[in-house]
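**Q** with the input below, show me the fold.
(4 chains)
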2 protein chains.
Amino acid sequence: MTKILQRNLYREVADRIGDLIEHGELSPGERISEKQLCDRFGVSRTPLREALKVLATEGLIELLPNRGARVVRLTLKNVKDTYDLMAALEGLSGELACQYISDAEIAAIRQLHNTMLEHYRNRDLMPYFQVNRQIHESILAASNNDVLQEMYSNLSQRVKRVRYSKKMTERYWSQAVKDHENMMAALEKRDSQLLGQILRDHLCNKIEVATLAGVIDTEDDKNVANS
Amino acid sequence: MTKILQRNLYREVADRIGDLIEHGELSPGERISEKQLCDRFGVSRTPLREALKVLATEGLIELLPNRGARVVRLTLKNVKDTYDLMAALEGLSGELACQYISDAEIAAIRQLHNTMLEHYRNRDLMPYFQVNRQIHESILAASNNDVLQEMYSNLSQRVKRVRYSKKMTERYWSQAVKDHENMMAALEKRDSQLLGQILRDHLCNKIEVATLAGVIDTEDDKNVANS
DNA sequence: AAAAGTAATTATGAATTCAATATTCCTTTG
DNA sequence: CAAAGGAATATTGAATTCATAATTACTTTT
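**A** Below you'll find the model as predicted:
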């Protein structure tokens, strides 16, 4: 089964607007001008408006009837809600992975785990994050649940733009590594319940929420008209 | 055929197509003709096509480039994946609800619970299901997590059309009621972990999957062109 | 008659046009 | 001078039109 790869204009446009949002070129709460984006992408309003509708469904922007679209403002609560959800999904992915994962796949994850430990020992933050992500993605993939993966990916997309502000204190970092040690052990024992539990409680998300408390704009509206 | 003349035409159209799918007026795998639906709803292709894009994003239909749209065929695996996910989300809703729910809300759910027991004793299946659903919805609402509720509602939408075939054996039914007794107890103690666990393991979903094993079309394609 | 090729038809993808609603800017009035 | 009112402008919502790809129907050939 090969995935159908869709090369529709509206999808292309939606992805590129998504990128703009992710990289902050479109600010939270900022009104999105159709014409401006049409000029920028060199497309007509039809596919652009389709893209906006899709992005609204995906939760990245919101549409105000007769008043255009704007980038969703991420409140602290919003991000917290999303992370809570992602943690639950990771928990499920762990439970399922234990049921379906092959020895080879476990070995591959063990490999990644060891690499990650190496980065931790060297305090190489970025490589650490990268391998860390790969581990979580591998477990997610091993869950063998397409709907789960789709949903996780959507949630991940929504909060991607705040991930830039990720900071890591030594204390949290060492705890996260300990979590990962336990994860590996549970996975290699294929202890479904345990891995699920660990992943649900895994600090990663909560750290970020804590860190973000000061980062995210809460109430202030500059270019936002209330509805 | 009632002509639609409301604001946010695409949303209206999307909802109505959703209804058609839910009630089986558009069959799984059936190709969706734009013109036909345009005539039916009395709208032009622009809002209709926007609606299709939204429905595709919501997972109810799939778009084949240059070849139109068709209703997603629910495979057994697909439904199972979705239910696994919904169970995880219900678990989370239980955990969160314990943290945020008020005494009054608990009392209201206790009320519903008692009503449900009454329906169970009388073997009134439909009223039972209805109150049952209200209980789960109340807990979900008490979770105080908007993103969670949005996602749950989306998943629920996707599998709504197979719920018609719900059957209940006496054995499963009594077990489901026992689950609910435990749920109530955990909720009244505000035992977050326990309620979460119970809801994740709650039989309801698994029953349906088991029941559905014979109901859902698995492989047979009549009007479906492979890609 | 079956298969292959080609023209005719239909359906989809995208741009444009028309209609409505909102916004801006200017004038008027208290 | 501030607030209110009202054209003028800009923006969005939806229908229509144009372009292109897919499907069907019809030949032609073997």
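**Q** tell me how far A:K35 lies from A:L26.
**A** Using C-beta to C-beta, to the nearest Å, we find A:K35 at a distance of 15 Å from A:L26. For the C-beta atoms, the positions are set from N, CA and C on the backbone; glycine is no exception.
**Q** and the two? Which one has more around it.
**A** More crowded of A:K35 and A:L26, by other C-beta atoms under 10 Å in any protein chain shown: A:L26, with 22 against 9.
**Q** tell me the SS of that one?
**A** Classification of A:L26 by DSSP: H, G, I helix; E, B strand; the rest coil places it in coil.
**Q** ok, the closest residue in space to it that isn't next to it in sequence - how many residues close by?
**A** Closest residue to A:L26 apart from its sequence neighbours, by C-beta to C-beta, 6 or more residues apart in numbering or on different chains: A:L20 at 4.6 Å. If you count neighbours by other C-beta under 10 Å, A:L20 ends up with 16.
**Q** A:L20 sits in which helix or strand?
**A** helix A:9-22 (DSSP states H and E).
**Q** so what touches that helix?
**A** If you take C-beta atoms under 8 Å, 6 or more residues apart in numbering or on different chains as the criterion, helix A:9-22 is touched by A:26, A:32, A:37, A:41, A:43, A:47-48, A:50-52, A:54-55, A:58, A:60-61, A:71, A:157, A:160-161, B:53.
**Q** would you mark the buried spots in stretch A:54-66?
**A** A:54-63 (16 or more other C-beta atoms under 10 Å in any protein chain shown).
**Q** nearest to B:R67, of those?
**A** A:V54 (18.8 Å; C-beta to C-beta).
**Q** got phi/psi on the closest one?
**A** phi -70, psi -40 (degrees, to the nearest 10).
**Q** that one contacts B:K53, doesn't it?
**A** Yes - the criterion here is C-beta atoms under 8 Å, and A:V54 meets it with B:K53 at 5.4 Å.
**Q** who are the neighbours in contact with the closest residue to DNA strand D within chain A?
**A** As assessed by C-beta to the nearest atom of the strand, DNA strand D sits closest to A:G68 within chain A, at 2.9 Å. By C-beta under 8 Å, 6+ apart, the residues touching A:G68 are A:31-34.
**Q** which among the residues you listed end up buried?
**A** Buried among the contacts of A:G68 by 16+ other C-beta under 10 Å: A:31-32.
**Q** now render the contacts of A:G68 as JSON lines, adding secondary structure.
**A** Compiled in JSON lines, the contacts of A:G68 are given as follows (three-state DSSP):
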{"residue": "A:R31", "secondary structure": "strand"}
{"residue": "A:I32", "secondary structure": "strand"}
{"residue": "A:S33", "secondary structure": "coil"}
{"residue": "A:E34", "secondary structure": "helix"}
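**Q** which members of the contacts of A:G68 are the farthest-apart pair?
**A** Within the contacts of A:G68, A:R31 and A:E34 form the most distant pair, 10.2 Å apart (C-beta to C-beta).
**Q** quick check: which element contains A:S138?
**A** helix A:125-142.
**Q** that helix - contacts with which helices or strands?
**A** Using 3 or more C-beta pairs under 8 Å, 6 or more residues apart in numbering or on different chains; DSSP states H and E as the contact test, the elements touching helix A:125-142 are helix A:76-100, helix A:103-121, helix A:146-159, helix A:170-188.
**Q** mean neighbour count, those: which tops it?
**A** helix A:76-100 (a mean of 22; mean count of other C-beta atoms under 10 Å in any protein chain shown).
**Q** does chain B sit close to that one?
**A** Yes - interface with chain B: helix A:76-100 contributes A:78, A:81-82, A:84-85, A:88-89, A:91-92, A:96 (C-beta under 8 Å from any C-beta of the partner chain).
**Q** what about the contacts of helix A:9-22, which are in strands?
**A** For the contacts of helix A:9-22, membership in strands holds for A:32, A:61, A:71, with DSSP state E as the criterion.
**Q** tabulate these (a markdown table), appending distance to A:L187.
**A** Shown next, in a markdown table, are these (distance: C-beta to C-beta, whole Å):
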| residue | distance to A:L187 |
| --- | --- |
| A:I32 | 43 |
| A:I61 | 38 |
| A:V71 | 38 |
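**Q** looking at the residues you listed, spot the one nearest B:W173.
**A** Taking C-beta to C-beta as the measure, B:W173 sits nearest to A:I61 out of the ones in strands among the contacts of helix A:9-22, at 44.7 Å.
**Q** pretty sure A:R70 contacts A:L52?
**A** No - counting by C-beta under 8 Å, A:L52 is not a contact partner of A:R70; they are 10.3 Å apart.
**Q** so which of those two has more stuff around it?
**A** A:L52 (25 against 20).
**Q** OK, contacts around that one?
**A** The neighbourhood of A:L52, defined by C-beta under 8 Å, 6+ apart, consists of A:17, A:32, A:34, A:61, A:63, A:69.
**Q** chain B: which of those residues is nearest?
**A** Nearest to chain B out of these is A:L63 (C-beta to the nearest C-beta; 8.2 Å).
**Q** what is the neighbour count of A:S27?
**A** 15.
**Q** name the nearest residue to it, ignoring sequence neighbours.
**A** In space, and not counting its chain neighbours, A:S27 is closest to A:V71: 6.5 Å by C-beta to C-beta, 6+ apart.
**Q** what's the closest of the contacts of A:L52 to B:R190?
**A** Nearest to B:R190 among the contacts of A:L52, with distances taken as C-beta to C-beta, is A:I61, at 37.2 Å.
**Q** alright, I will stop here.
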